[in-house]
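S.K.: I'd like to go over a predicted model; first the sequence, then the structure.
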Amino acid sequence: MTAPTERYACLVAQNFPLQALLRLRPELQTRPVAVLDGEPPFEQVCSLNGPALTLGIATGMTRLEMEMFPSALVLPRSPAQEAAAHAALLQCAGAFSPRVEDQSNDGCFLCVIDIAGMETLFGSPDALGERLLQRTQALCVRASVAISSNFHAARCLALALAAGTGKRTGVRVVPKGMECTALSSLPLTVLDLSLEHAETFSMWGISTLGALANLKETELIARLGQAGKELRLLARGESSHLFTAMESGFVLEEHMELDSPVELLDSVLFIIGVMLDQLIVRAQSHILALASVTLNLALEDGSSHTRTVRPALPNHDRKLWLKLIHLDLQAHPPQAAIVGLTLHAQPGSTSKVQLGLFSPQVPEPMRLDVTLARIRSIVGDGCVGHAVLKDTHRPDAFRLEPFHVPVSVSTLTVPEAKPERQRVAMRQLRPAEVVTITVRDRQPDSFIFREKRYQVEHAYGPWSSTGDWWRPTLWSFEQWDLVARAQDAAPHATWLCCCLTHDLTQERWQVEALYD
């Protein structure tokens, strides 16, 4: 069995500091925008878009020079937002192959994907390149893709596409054996030339890779040493490369720093909606949904406000997530103006729940989540959920846990017929009713319950339980099951079956439950 032919796809996004800022600000895409980097007051423009370039703004301009362009928007560079966008693009590339090499630099995102053998999953290289470009555009990032059988050829072609010096299309595929021809018209700037080599080739009149490839190898080695041989191989698309795949986990996180403090909740929700769009797109690319979203708000006073929203089922409904976050922030508002946001999501499976044939009708999980969120905003987080018994013998010891729907898929089965079991019906009294009781020989003899006196006919017990002796909340009970008859003038005797509890710590008798 022959090994698959080597094939590499290079993904390049130029002006990355600017694109990382604008991907969460779609309203600024058409405005002239420049990004400043450096320590004040020596900031300089490090990245800018096309409209800013049309105005005459250039890389390296200072903040003072930018005041000559009042229509341009100036944004500070955000390493946190660049890191989030960088991680999103790497995850996008990782959806096409597990072997991805990151070669990004300070102002450009660049990664190379080993796509050998991926034809059965994604089709031809042209189809794979188009899908990769579509996934990148869904993340609001403009990028270029080049595919070649040579690692460095794909890299040079993608850089030329991104710079607009090569063929002006988003995707370019070079057939095997045609690398030298495809690279011949590209400028030397696509190579990582040292300053000394760049000056040497400029004096020789060499400006393209084709001109460099036509030089004789022996004469290049005589003048530039082994570096000349390597540069010639790069220009011909024949240089080898040891592929170093990176290992990265799947993390769903978006970060945004605001230009000015925001106090209005509606304005914050608009920004959160844009960030949710990106998280949902990234999760759907891996056939996943959002199981929970943690919102961390950086406040103006230096503190932070963190809230976590977790619905009953993982989903990718943007309106539902916005509504749940809105209700949660209304119930727990931040105590200062917001200057930054971070959204971290936990991915989850999108499995559907299939109820049994005879299962009762239940509300849709999305409607239930919104209803529960509204109730929590009124009564508090700790007062909504389902009761779960604690591992103790203390009466009424329970805790509240959030409602959840099991994600396992069940099959439609008809339950088998089973013999019915006789069960005693019990009505629990909440709260328990205190009674006056007469004790004879350390056993209940008679008691008054709801203005009636009852004579105990049968007494079963006591069952003793005690605990928490090391705490102030010590509890010690004796429990009796009684069968009593009412002492009244009625023609027919009234019988009562009840559960009677004796609180030894307070010397109090009370009826906990009635048996029918």
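M.R.: Received, thanks. Residues are numbered from 1 along each chain as shown.
S.K.: same question for stretch 107-126, mean pLDDT?
M.R.: Average pLDDT, stretch 107-126: 92.
S.K.: Report the buried residues of it.
M.R.: By 16 or more other C-beta atoms under 10 Å, the buried positions in stretch 107-126 come out as Gly107, Cys108, Phe109, Leu110, Cys111, Val112, Ile113, Asp114, Ile115, Met118, Phe122, Pro125. The C-beta positions use only the backbone N, C-alpha and C, and glycine is treated the same way.
S.K.: Look up how far Leu139 lies from the second one.
M.R.: When distances are taken as C-beta to C-beta, to the nearest Å, Cys108 and Leu139 turn out to be 16 Å apart.
S.K.: closest to Tyr454 among the buried residues of stretch 107-126?
M.R.: Distance to Tyr454, by C-beta to C-beta, is smallest for Phe122 among these, at 80.2 Å.
S.K.: just checking, the closest one touches Ile113?
M.R.: No: under the criterion of C-beta atoms under 8 Å, Phe122 makes no contact with Ile113, lying 10.9 Å away.
S.K.: joint contacts of these two?
M.R.: Phe96 (C-beta atoms under 8 Å, 6 or more residues apart in numbering).
S.K.: most centrally placed residue in the chain?
M.R.: Nearest to the mean C-alpha position of the chain, by C-alpha atoms, centre = their mean, lies Ala345 at 2.0 Å.
S.K.: Setting aside sequence neighbours, what's the nearest residue to it?
M.R.: Closest residue to Ala345 apart from its sequence neighbours, by C-beta to C-beta, 6 or more residues apart in numbering: Leu252 at 4.0 Å.
S.K.: close enough to count as contact, that neighbour and Pro347?
M.R.: Yes: contact criterion C-beta under 8 Å: Leu252 and Pro347 qualify, at 6.1 Å.
S.K.: ok so, going back, how close does the residue nearest to Ala345 get to Ser267?
M.R.: For Leu252 relative to Ser267 (C-beta to C-beta), the value is 24 Å.
S.K.: got it, and Ala116?
M.R.: Counting by C-beta to C-beta, the gap from Ala116 to Ser267 is 48 Å.
S.K.: Would you state the strands of the stretch 351-500 of the chain in chain order?
M.R.: 386-389, 398-401, 426-434, 436-440, 443-449, 452-467, 475-486, 495-503 (DSSP state E, counting those that start in this stretch).
S.K.: Can you check which of these gets nearest to Leu295?
M.R.: strand 398-401 (22.1 Å).
S.K.: Check which helices and strands that closest one sits against.
M.R.: strand 386-389 (3 or more C-beta pairs under 8 Å, 6 or more residues apart in numbering; DSSP states H and E).
S.K.: Pull the distance from the strand it packs on to the chain's centre.
M.R.: Distance of strand 386-389 from the chain centroid (C-alpha atoms, centre = their mean, to the nearest Å) equals 29 Å.
S.K.: Could you look up the SS state of Gly60?
M.R.: For Gly60, the secondary-structure state derived from DSSP: H, G, I helix; E, B strand; the rest coil is coil.
S.K.: picking that back up, closest one to Trp495 out of the buried residues of stretch 107-126, please.
M.R.: Out of the buried residues of stretch 107-126, the member with the shortest distance to Trp495 (by C-beta to C-beta) is Phe122, at 77.8 Å.
S.K.: list the contacts for that closest one?
M.R.: Phe96, Ile115, Leu128, Arg131.
S.K.: Export those residues to TSV and append columns for secondary structure and distance to Ser194.
M.R.: As requested, the contacts of Phe122 are exported to TSV (DSSP: H, G, I helix; E, B strand; the rest coil; distance: C-beta to C-beta, whole Å):
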residue	secondary structure	distance to Ser194
Phe96	coil	33
Ile115	coil	31
Leu128	helix	34
Arg131	helix	37
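S.K.: Out of the residues you listed, which end up buried?
M.R.: Buried members of the contacts of Phe122, scored by 16+ other C-beta under 10 Å, are Phe96, Ile115, Leu128, Arg131.
S.K.: would you turn those residues into TSV with distance to Glu401?
M.R.: Output for these, formatted as TSV (distance: C-beta to C-beta, whole Å):
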residue	distance to Glu401
Phe96	40
Ile115	46
Leu128	46
Arg131	42
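S.K.: and Gln137, what is it in contact with?
M.R.: By C-beta under 8 Å, 6+ apart, the contact set of Gln137 is Ala143.
S.K.: Please tell me I have it right and Trp463 contacts Thr501.
M.R.: No: in this structure, Trp463 is not within contact of Thr501 by C-beta under 8 Å, at 9.8 Å.
S.K.: Of these two, give the one with the bigger neighbour count.
M.R.: Thr501 (21 against 12; other C-beta atoms under 10 Å).
S.K.: wait, that one sits on Phe477?
M.R.: Yes: checked against C-beta under 8 Å, the pair Thr501 and Phe477 is within contact range at 5.5 Å.
S.K.: Quick check: neighbours shared by those two?
M.R.: With C-beta under 8 Å, 6+ apart, Thr501 and Phe477 have common neighbours Pro395.
S.K.: need the helices for the stretch 101-250 of the chain, in chain order.
M.R.: Counting by DSSP state H, counting those that start in this stretch, the stretch 101-250 of the chain has helices at residues 119-122, 125-138, 151-163, 179-183, 195-204, 209-213, 217-224, 226-236.
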